[in-house]
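In: just the structure for this:
(2 chains)
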Amino acid sequence: MTARRWIVGLITIAAIAVFAVTLVHALWYAPDSEVPAPQLAVHAADVPEGQLPDRLVIPKIGIDAHVKHVGVDAKGNMATPGNFTDVAWYKYGTPPGYNGSAVIDGHVDNGLALAGVFKHLDELSVGDDVYIRTASSTTLHFKVVERDEYDYKQVPLDKLFNRSDGAYLNLITCGGTFIPTEKSYDHRLVIYTKLVS
Amino acid sequence: MSAKKLLSATAIAFLLTAGAAAAQTTGSTTDTTGTASTTVGTPNTGAGGDAMINTIVLATSAAIALGGAAILARRRTV
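Out: From the prediction side, this is the model:
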């Protein structure tokens, strides 16, 4: 009798643990495989820490999110924030407000297909306002100048990461249909914004 | 092997499998790196494709947990 109770108890505890881990993983915690990349220069090293992005605010779609600073993952792709509520700035690129392309990404949905931070990014249109609040509480104002959706293997990477004709802030997230074999959506939505003040 | 032992063994096997499935990350698995050697690839920012398996794992583990708790509670009152 005692041994059976122990077995049932252990199974119950294991089931509770699996439930809790799965729930946390699905709703809040999205670990990414960011890896060290010493061959890439961190542009932010030349920028005062107070001028680095701290929050992303988009009033039209109700976003007021913390900005994490991320690098690359093992596949050489831009890494993503470790949860579904923060956004992530590519720290090997341009900081927002400086000449070049600052890139910020965010999840479109979580592990239960509920809304992620960038779920409503597709509602933005040309002329909409986007703000970055820096660590020193300076506010940078951007306006949407273009929006495009691309096949996930045909995103113009130079346009997204490497423009030099102005101070851009580009927001990117997934779209389209999920490809189970690739564990990826088949489109990428990019909102291009340009510094106003 | 009794029915209860078989059920217990099946539940343990499922939980081990579910634990392994839950431990899988949604990190980028698609190589979208550009042709330029210093150009990074686009991020993979969607986890909704895992919704079905996550729902199955949650529902099954909850059922096992509730069933086990009920058995323990019933034996305690017997």
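In: pretty sure A:H107 contacts A:Y29?
Out: No: the criterion here is C-beta atoms under 8 Å, and A:H107 misses it with A:Y29 at 11.5 Å. Any C-beta I mention is one placed from the backbone N, CA and C, and that applies to glycine too.
In: residue ranges in chain B under the pLDDT threshold?
Out: B:1-38, B:75-78 (pLDDT under 70).
In: find the closest residue to chain A in it.
Out: Going by C-beta to the nearest C-beta, chain A is nearest to B:G68 of chain B, at 3.1 Å.
In: please give the element, helix or strand, for that residue.
Out: helix B:51-77 (DSSP states H and E).
In: helices and strands around that helix, which ones?
Out: When contacts are defined as 3 or more C-beta pairs under 8 Å, 6 or more residues apart in numbering or on different chains; DSSP states H and E, helix B:51-77 sits against helix A:2-27, helix B:3-22.
In: coming back round to it: count the residues that sit near the residue of chain B closest to chain A.
Out: Neighbour count of B:G68, defined by other C-beta atoms under 10 Å in any protein chain shown: 22.
In: ditto for A:L40
Out: 15.
In: kindly report the same for A:A135.
Out: For A:A135, using other C-beta under 10 Å, the count is 14.
In: pretty sure it sits against A:G50.
Out: Yes: the pair A:A135 / A:G50 is scored as a contact, 4.9 Å apart, by C-beta under 8 Å.
In: mind checking how far A:D46 is from A:T94?
Out: Going from A:D46 to A:T94 by C-beta to C-beta, to the nearest Å gives 11 Å.
In: those two: which has the busier surroundings?
Out: A:T94 (24 against 9).
In: now that one: closest residue in space, sequence neighbours ignored.
Out: Nearest residue to A:T94, sequence neighbours excluded (C-beta to C-beta, 6 or more residues apart in numbering or on different chains): A:G100, at 3.3 Å.
In: can you tell me who the one you found pairs with across the strands?
Out: Beta bridges link A:G100 to A:A167 when assigned by DSSP bridges.
In: equivalent analysis for the one 5 residues further on, please.
Out: The partner list for A:D105 in beta bridges (DSSP bridges) reads A:A88, A:I172.
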